[in-house]
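Peer 1: My questions concern the predicted model and sequence given below.
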Amino acid sequence: MSHRSATSVVDFLPTGIANVVPLVGVIALGWDADTLTFVYAVELLVAILFAVPKSLFAQQPPAHDDEGDRDENRWSTTTPAPKTEASALERRVGSVDLVGWLPPVYPRSVPFVSTWVDAMVFLTLLLSGFLIATLDPLEVVRDRSVLVSVGSLVVSHGVTFVRGYLGRRRYETATPESVAAVPLREASIVAAVVVVGSRLETAELLAVVVLVKLVVEWEQFRRENGLFGWFAGSDEHETPPTVELPDADPSVEVRPDRRAVIATGLLRAANRLLVRIFLLALVWLVSVGAWELPWLAVTAVVFGAVPLVLCVLWTAEYTLAHGWLVYQRRGETVVAYDELVDAAQWTTPVGAFRDVTLRDEHLADRVYDTRTIALTPTDADHEWVAAHLQSAADAVEGFDLPLGRTAVGPLDRRVVWTTFTLAAVVVVGVAVGMFVVPLSSVQTLALVTFGVPFTILSLQVVWNRAYSE
């Protein structure tokens, strides 16, 4: 055996041992499908937690992109390319050093992490509710063999992260997609256990599931394309070029107001949460109504912890996209410079914009007297958003922007008060109706599923009319 192969076997040993323990539990200790599902569900939660720092440390940029935007200009150094804040951040060049003994963190991975967590959090809630409804977790954890299995799986993830991912410097070739393959693999295995166990709950079949998981673990570890190679994810990536700064010193510098950036990020996060409130409500109804879980604990998790985590991630995403991006004029070149990662992001000639628009739909711009400008270069079909600038006048004059006005239109207070009044009527009406008119679980489910999104979208349409030109 070569030294490299021996090293691989040693590195894989903690993972292999951790996966053998459930096999012993099924064959020798008589574990059923529910117990095995509980063990793998705990591992899924641990895998999701480890996927977050792994994604942030992944040195290679995300391979995915906006639909219809997969062309040679994705990493253009002369014209900005993003369509949204998330895609703008995905193209961010540079990293941040937190502490000397850790690899640098890449802000461009934050949108991928937030999207991944957004999807996985609902899977976790549903899976947790299913487990609690089908078995007693306290009764399961009293079994020492279950505790040993869970502990070994958790330790194996920690050892793999420290020794393999950090120690072997695998983050240097990792992409966020390849990191996310680990929780995806775990979710698939848990689903397989549930399906197999619900139909033929035999030790032989469950043992086969455990063995398949062990093979998947090995192939994912070796990055091989065998029978289960699709679980391993892809390390294909594009290397973004370094943007060269002009030799001239900045003669004009326009900065964003970070207070306005954070405030807008919070408002945008709250809006995204409102759109998802019906999903949270469905989880709450199923957990409390169908599964009869403790309503106080379910409410605290579904309407407390989950919205808080998502709100923090989405606000961080918007803040990283705009909070440290300074716009400079260096000679005859406009430069977007990210002070957080200490790197230039894009350059374009002064005055080379064919379309410049003042965005006045941000409430924070009115509160903090900032301005948001959309810029479209002459040689591009997409725009870049210079958000929450402290001085739009300096940007117009210094960068030679064809913008006729920098003052936002007045806010129609009648529309504002109408929106708040309608929202209050809806909230009070629903609350009173729930107590006055008894609804079945099916009727309540239909009301939440279709009524809440329609109401929120309707109020948004009314609110958007408050911004006048």
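Peer 2: Perfect, I can see it now.

Peer 1: Which helix or strand lies directly C-terminal to the helix or strand where Val261 lies?
Peer 2: For Val261, the host element (DSSP states H and E) is helix 258-285. Counting by DSSP H and E, the next helix or strand C-terminal to helix 258-285 is helix 295-300.

Peer 1: buried sites along that following helix?
Peer 2: Val298 (16 or more other CB atoms under 10 Å). In this view, the C-beta of every residue, glycine as well, is placed from N, C-alpha and C.

Peer 1: What average pLDDT does that helix get?
Peer 2: On average, the pLDDT along helix 295-300 is 81.

Peer 1: Alpha carbons only: can I get the following helix or strand past it in PDB?
Peer 2: With elements assigned by DSSP H and E, the helix or strand that comes after helix 295-300 is helix 306-322. Output in PDB follows, covering the C-alpha atoms of helix 306-322 (Å, rounded to 0.1, in the frame of the first residue of the first chain):
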ATOM      1  CA  VAL A 306     -35.700  30.100  12.800                       C
ATOM      2  CA  PRO A 307     -36.700  33.700  11.700                       C
ATOM      3  CA  LEU A 308     -33.800  35.000  13.800                       C
ATOM      4  CA  VAL A 309     -31.200  32.800  12.100                       C
ATOM      5  CA  LEU A 310     -32.600  33.600   8.600                       C
ATOM      6  CA  CYS A 311     -32.900  37.300   9.300                       C
ATOM      7  CA  VAL A 312     -29.200  37.400  10.500                       C
ATOM      8  CA  LEU A 313     -28.000  35.600   7.400                       C
ATOM      9  CA  TRP A 314     -30.000  37.700   4.900                       C
ATOM     10  CA  THR A 315     -29.000  41.000   6.600                       C
ATOM     11  CA  ALA A 316     -25.400  39.900   6.500                       C
ATOM     12  CA  GLU A 317     -25.700  39.000   2.900                       C
ATOM     13  CA  TYR A 318     -27.000  42.500   1.900                       C
ATOM     14  CA  THR A 319     -24.500  44.300   4.200                       C
ATOM     15  CA  LEU A 320     -21.500  42.400   2.800                       C
ATOM     16  CA  ALA A 321     -22.700  43.200  -0.700                       C
ATOM     17  CA  HIS A 322     -22.900  47.000  -0.100                       C
END
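
Peer 1: buried set for helix 306-322?
Peer 2: 306-307, 310-311, 313-322.

Peer 1: how about those residues in a markdown table, adding distance to Arg371?
Peer 2: Conversion of the buried residues of helix 306-322 to a markdown table gives the following (distance: CB to CB, whole Å):
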| residue | distance to Arg371 |
| --- | --- |
| Val306 | 34 |
| Pro307 | 30 |
| Leu310 | 29 |
| Cys311 | 25 |
| Leu313 | 27 |
| Trp314 | 23 |
| Thr315 | 21 |
| Ala316 | 23 |
| Glu317 | 22 |
| Tyr318 | 17 |
| Thr319 | 18 |
| Leu320 | 20 |
| Ala321 | 17 |
| His322 | 13 |
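
Peer 1: Give the buried residues for the helix holding Val261.
Peer 2: Applying 16+ other CB under 10 Å to helix 258-285 flags 260-266, 268-269, 272-274, 276-285 as buried.

Peer 1: Show me what that helix is packed against.
Peer 2: Here helix 258-285 touches helix 110-134, helix 306-322, helix 363-368, strand 384-389, helix 441-446, helix 452-464, going by 3 or more CB pairs under 8 Å, 6 or more residues apart in numbering; DSSP states H and E.
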